[in-house]
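Chemist: here's a sequence, model it:
(2 chains)
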Amino acid sequence: MNTDFALLLSGMRDDFVEELPERCDFIEEGVLALECNATNALDELYRRVHSLKGSGGTFGLPLVTSICHQFESFISIARGHFDPLAKSNALAYVDLLRRVAVVSDSAAATAIEQDLEHLRVSSMPGCASVLLLEPSSATRKFCQGVLKPLSVRLVSQDRGLSALELLLHQPFDLLIAARELPDLNALALVAALRESGSRNKDIPVILISSSSVPVPAYLNINATIKRDADFVATLGRWTGDVLAACSN
Amino acid sequence: MNLERILYVEDEPDIQAVAKLALEMVGGYQVLICSGGQDALDKVGGFAPDLILLDVMMPGMDGPTTLQKLRADSAAGAIPVIFLTAKVQASEVAHYQALGALDVIAKPFDPMLLAMQVRAIWERKP
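Modeler: Residues are numbered from 1 along each chain as shown, chains lettered A, B, ... in the order given. The predicted structure follows:
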């Protein structure tokens, strides 16, 4: 029965890829509807992209998921000022999705990933993506307060393994991580990331730790911040410095 | 009590189709799909499921609101519910469990493993 289902699932996945251009047309219509200032057009566009992301994830198509995820972030940021440039960028996301339907080999998939990264930088200039990895909700709130004025896209996680999964599939500009974490500590996570072929393998890292045990140099940790009275100020300064260095 | 009948509440047609087939073909369960919270409230009495799988993010009535309304229903109030969501940080899972969910399954799920995940959660329920 599992074999039957696997075959059926494979067929459904092929159908999904075959129908992807039609789904892209549907999303493109959503982009064009923004020109007419249709009521809730942006929400409707977001819903269509979100729907495609869910389907892509279910059929095991990480490229579709990655493009849609970034497209969703772009729509959220563009909310309120969807100008001709934003429209052009939105259509560029649709074009990337169309290319997934004709991916023939890993080189073509890599080319799409690279173009997605270029599109991220060009469509969301100055908007850095930060992954905050911290198990304490209180410390997360402190960090969120520090990062808010920096206008970054912030993603929070509280477990090492789920953060590693994210880092292997989504682009980030900075990782801020507590040293001790459930299921995979930050040093092991960074070691795995540095050895991976991920686009985040050279990502700057700020470590939150009060441990006196030294951090191995090969992990290239940019800064270690202690949980002390100066925590908030130190985190703000280091985050600003690291993100400024990234944008130069 | 054996797990035989599952009500799956999900608004995305692709996910509905894959989940129904996965639960039926791999798990051997009887599955009824509902496309939203209100649809689930309308059909839960007639189908009498042993378990409800409930998507968290749905247009209209979301998963937590649907759960709240199910709990207020004397007939369906005691049916165990598993949430499906992409938000599976420990604090988020704890929040959903505090709302009354049995557990949480991460989305996107692996269709080949979905039935096994459901079975595992069912077997460790109190």
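
Chemist: next up, phi/psi of residue 76, please.
Modeler: Just so you know, I chose chain A. For A:Ser76, the backbone dihedrals (degrees, to the nearest 10) come out as phi -60, psi -40.

Chemist: right idea, wrong chain: chain B
Modeler: The phi and psi values for B:Ala76, taken as degrees, to the nearest 10, are phi -100, psi 0.

Chemist: and the pLDDT at A:Cys246?
Modeler: On pLDDT, A:Cys246 comes in at 65.

Chemist: assign A:Glu28 to helix, strand or coil.
Modeler: In three-state terms, and counting by DSSP: H, G, I helix; E, B strand; the rest coil, A:Glu28 is helix.

Chemist: list the contacts for the closest residue to chain B within chain A?
Modeler: Residue nearest to chain B within chain A: A:Gly57 (2.8 Å; C-beta to the nearest C-beta). Every residue, glycine included, has its C-beta placed from N, CA and C. Counting by C-beta atoms under 8 Å, 6 or more residues apart in numbering or on different chains, A:Gly57 touches A:Val64, A:Thr65, B:Lys107, B:Pro108.

Chemist: from memory the first one sits against A:Lys53, does it?
Modeler: Meaning A:Val64. Yes: using C-beta atoms under 8 Å, A:Val64 is in contact with A:Lys53, at 7.0 Å.

Chemist: near chain B at all, stretch A:120-135?
Modeler: Yes: if you take C-beta under 8 Å from any C-beta of the partner chain as the test, stretch A:120-135 does meet chain B, through A:Pro135.

Chemist: can I get the CA coordinates of that stretch in PDB?
Modeler: Taking C-alpha atoms only, stretch A:120-135 is exported to PDB below (Å, rounded to 0.1, in the frame of the first residue of the first chain):
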ATOM      1  CA  ARG A 120      16.100  39.300  -2.400                       C
ATOM      2  CA  VAL A 121      18.900  41.900  -2.300                       C
ATOM      3  CA  SER A 122      17.400  44.000  -5.100                       C
ATOM      4  CA  SER A 123      13.800  43.800  -4.100                       C
ATOM      5  CA  MET A 124      14.300  44.300  -0.300                       C
ATOM      6  CA  PRO A 125      17.300  46.700  -0.200                       C
ATOM      7  CA  GLY A 126      18.600  47.500   3.300                       C
ATOM      8  CA  CYS A 127      16.300  44.900   4.800                       C
ATOM      9  CA  ALA A 128      18.600  42.400   6.400                       C
ATOM     10  CA  SER A 129      17.300  39.000   7.600                       C
ATOM     11  CA  VAL A 130      18.300  38.100  11.100                       C
ATOM     12  CA  LEU A 131      17.800  34.700  12.700                       C
ATOM     13  CA  LEU A 132      17.500  34.900  16.400                       C
ATOM     14  CA  LEU A 133      18.000  31.600  18.200                       C
ATOM     15  CA  GLU A 134      17.200  31.900  21.900                       C
ATOM     16  CA  PRO A 135      15.300  29.500  24.100                       C
END
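
Chemist: buried stuff in it?
Modeler: By 16 or more other C-beta atoms under 10 Å in any protein chain shown, the buried positions in stretch A:120-135 come out as A:Arg120, A:Ser123, A:Met124, A:Cys127, A:Ala128, A:Ser129, A:Val130, A:Leu131, A:Leu132, A:Leu133, A:Glu134, A:Pro135.

Chemist: how far is it from where the chain is centred?
Modeler: Centre-to-centre, stretch A:120-135 and its host chain are 7 Å apart (C-alpha atoms, centre = their mean, to the nearest Å).

Chemist: likewise for stretch B:59-73?
Modeler: Counting by C-alpha atoms, centre = their mean, stretch B:59-73 comes out at 12 Å from the chain centroid.

Chemist: please see if that stretch touches chain A.
Modeler: Yes: against chain A, stretch B:59-73 shows contacts by C-beta under 8 Å from any C-beta at B:Pro59.

Chemist: let me see the ranges of the strands in chain A.
Modeler: Secondary structure of chain A, counting by DSSP state E: strands at A:129-133, A:153-157, A:174-178, A:205-208, A:223-225.

Chemist: now render those strands as JSON lines, adding mean pLDDT and distance to A:Arg23.
Modeler: Formatted as JSON lines, the strands of chain A follow (pLDDT from 0 to 100; distance: least, C-beta to C-beta, whole Å):
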{"stretch": "strand A:129-133", "mean pLDDT": "91", "distance to A:Arg23": "26"}
{"stretch": "strand A:153-157", "mean pLDDT": "86", "distance to A:Arg23": "25"}
{"stretch": "strand A:174-178", "mean pLDDT": "94", "distance to A:Arg23": "33"}
{"stretch": "strand A:205-208", "mean pLDDT": "94", "distance to A:Arg23": "37"}
{"stretch": "strand A:223-225", "mean pLDDT": "90", "distance to A:Arg23": "44"}
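
Chemist: how about the residues of chain B by chain A?
Modeler: Within chain B, the residues that sit near chain A (C-beta under 8 Å from any C-beta) are B:12, B:14-15, B:17-18, B:21-22, B:25-26, B:28, B:59, B:88-91, B:107-112.
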